[in-house]
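>>> A structural model of the following input is requested.
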Amino acid sequence: MRHNTCTCGRSVCRGIRIHALLEQGIATHLGFTCDRAAGPAQIPCIERNAVRAVQAMNAAPAIRGDGVHSVSLDRVITSMRQTGAHMSTCCRSVVALCARRLMRWLCTASVAVTLIGSVSPSSAAEPERIVLNGTVVSRHDPAVTVKLPESVQYLGADRFVLNDPHLGDFDDCELHAFVDSDGSGGIRKLYWVQFEAYLPSHPQLAHTYDSPRHAMIGGLDFYLDTWTSSRATPPTPGSDEAHLHALLAQHGYRLPDLMTVRLVHLTDATKRRELMIIYAESLAPTGYTARQLKTGGADHAKWTAIEAALIRRAKQSIAVKPDGDASR
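From the prediction side, this is the model:
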């Protein structure tokens, strides 16, 4: 099992908390209008740019924080879009002008980060992928979009480095978790999207999967395997599964007995980077427990039919689209 004892003091765990900085800056502009002064809308925008320069510097200390903040960047961007949609057209200028105004703020924020200089080693790396409306957008390794059903709830992301007692830090992971709940805190379905890359310090490592089964989704080849798991079995401390459990616990969720499909796509011939998508369902509707369905269990003979239907639902629920332009 993979482990993580990262203290966030190593190079891979160092990163500028751009998301926190942008969230602080953009959130304070929600509801602002492109009101015209002396004719052109540019006049108030020019003055606001000076204010934004100061604001960017004030927000910059967020990059030295622990990465925990109440409002995510994704939520702020979504709120900004909704605010704009509800504004009267007389209170806003053309979309292009609004976009340029936001881009000027982003550039100012980037300058602020540059002026701040190096980041404290205690800062953890920020997730690099973007999540909007149940869709994970990755610009590299691989450049894809992973679209999930609209019913899912996004719980958040976790970026961490796995550690092995013999290897030390060896694997950079970015985890995104989604659930489809029953409304009373129970999980009906779990979606776990994870991007992994072995660290350059371990060039000898490569992912190995021996599953003979494969699935083609969005034109990409995935290794496919399945299993059942009991809620009574705790995750291995420091593993990626332990990180998932911690993220679920933050939102008041605990995993039930599950039946799981794992899909793994290796991004290139080196087999050092992967996209892993896990789809899992509660076993409760089947009437069986994980122990009953596992190999040697009293009802293992029923697993073949249950597994086939599970795989079919997994493929129907997950849409993967390679994006050749995502890196631009």
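
>>> going by C-alpha atoms from here, please, whenever you check contacts or count neighbours.
Fine.

>>> quick one: Leu244 is in a helix?
Yes - counting by DSSP: H, G, I helix; E, B strand; the rest coil, Leu244 is found in a helix.

>>> and for it, the neighbour number?
Leu244 is flanked by 18 other residues according to other CA atoms under 10 Å.

>>> how about the closest residue to Asp158 other than its chain neighbours, what does it touch?
Distance criterion CA to CA, 6 or more residues apart in numbering; nearest residue to Asp158, sequence neighbours excluded, is Leu175 at 5.1 Å. Taking CA atoms under 8 Å, 6 or more residues apart in numbering, we find Leu175 in contact with 157-159, 192-195, 244.

>>> so which of those residues sit within helices?
Leu244 (DSSP state H).

>>> which one of the contacts of Leu175 is nearest Thr304?
In terms of CA to CA, no member of those lies closer to Thr304 than Trp192, at 23.4 Å.

>>> residues touching the closest one, list them.
Taking CA under 8 Å, 6+ apart as the criterion, Trp192 is in contact with 175-178, 276-279.

>>> report the beta-bridge partners for it.
Following DSSP bridges, Trp192 is listed with bridge partners Ala177, Ile278.

>>> who's the residue nearest to Asp323 when sequence neighbours are not counted bridged to?
Excluding the flanking residues, the one nearest Asp323 by CA to CA, 6+ apart is Val144, at 4.9 Å. Beta bridges link Val144 to Ser138, Pro322, judged by DSSP bridges.

>>> and Val144, how far is that from Ala308?
Applying CA to CA, to the nearest Å, the value for Val144 to Ala308 is 26 Å.

>>> may I have the secondary structure class of the residue nearest to Asp158?
Following three-state DSSP, the label given to Leu175 is strand.

>>> quick check: it vs Ala242, distance?
Distance, Leu175 to Ala242, by CA to CA: 11 Å.

>>> Gln194 too?
Per CA to CA, Gln194 is found 14 Å from Ala242.

>>> looking at these two, which has the bigger crowd around it?
More crowded of Gln194 and Ala242, by other CA under 10 Å: Gln194, with 20 against 17.

>>> mind checking pLDDT for that one?
Predicted confidence (pLDDT) for Gln194: 98.

>>> could you do Arg129 as well?
Arg129 is assigned a pLDDT of 96 by the prediction.

>>> same thing with Asp182?
On pLDDT, Asp182 comes in at 89.

>>> pretty sure it contacts Leu190?
No - contact criterion CA atoms under 8 Å: Asp182 and Leu190 do not qualify, at 11.8 Å.

>>> the two - which one has more neighbours?
Ranked by neighbour count (other CA under 10 Å), Asp182 and Leu190 place Leu190 first, with 21 against 10.

>>> so that one makes contact with Ala280?
Yes - using CA under 8 Å, Leu190 is in contact with Ala280, at 5.0 Å.

>>> walk me through the domains of the chain.
The record's domain parsing of the chain by automatic domain parsing lists 17-116, 130-322.

>>> what's the least confident stretch among those?
Ranked by mean pLDDT, those bottom out at domain 17-116, with a mean of 60.

>>> where do the helices of the stretch 201-328 of the chain begin and end?
240-250, 290-293, 303-317 (DSSP state H, counting those that start in this stretch).

>>> what's the most buried one of those?
Highest mean neighbour count among these (mean count of other CA atoms under 10 Å): helix 290-293, with a mean of 19.

>>> elements contacting that helix?
For helix 290-293, the elements it packs on are strand 220-229, judged by 3 or more CA pairs under 8 Å, 6 or more residues apart in numbering; DSSP states H and E.

>>> can you give the strand pairings for the strand it packs on, parallel or anti for each?
Sheet pairing here is set by DSSP bridges, and for strand 220-229 it gives strand 214-217 (antiparallel), strand 258-266 (antiparallel).

>>> any residues touching the shortest one, and which ones?
Judged by CA under 8 Å, 6+ apart, the contacts made with strand 214-217 from elsewhere in the structure are 221-224, 263, 315, 319-320.

>>> so which of those wins on neighbours?
In the contacts of strand 214-217, the most neighbours by other CA under 10 Å go to Leu263, 23 neighbours.

>>> OK, contacts around it?
Applying CA under 8 Å, 6+ apart, we find Leu263 in contact with 215, 222-225, 276-278.

>>> okay, and the common contacts of Gln194 and Ala242?
Between them, Gln194 and Ala242 share no contacting residue under CA under 8 Å, 6+ apart.

>>> with just CA atoms, put the helix or strand where Arg188 lies into CSV.
Secondary structure assigned from DSSP states H and E places Arg188 in strand 187-198. What follows is strand 187-198, C-alpha atoms only, in CSV (Å, rounded to 0.1, in the frame of the first residue of the first chain):
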residue,chain,number,x,y,z
ILE,A,187,-22.9,7.6,0.6
ARG,A,188,-24.6,5.9,-2.3
LYS,A,189,-21.8,6.4,-4.8
LEU,A,190,-18.2,7.6,-4.6
TYR,A,191,-16.1,9.1,-7.4
TRP,A,192,-12.3,9.3,-6.7
VAL,A,193,-10.2,11.0,-9.4
GLN,A,194,-6.5,11.0,-8.8
PHE,A,195,-3.4,12.1,-10.8
GLU,A,196,-0.1,10.6,-9.9
ALA,A,197,3.6,11.1,-11.0
TYR,A,198,6.7,9.4,-9.6
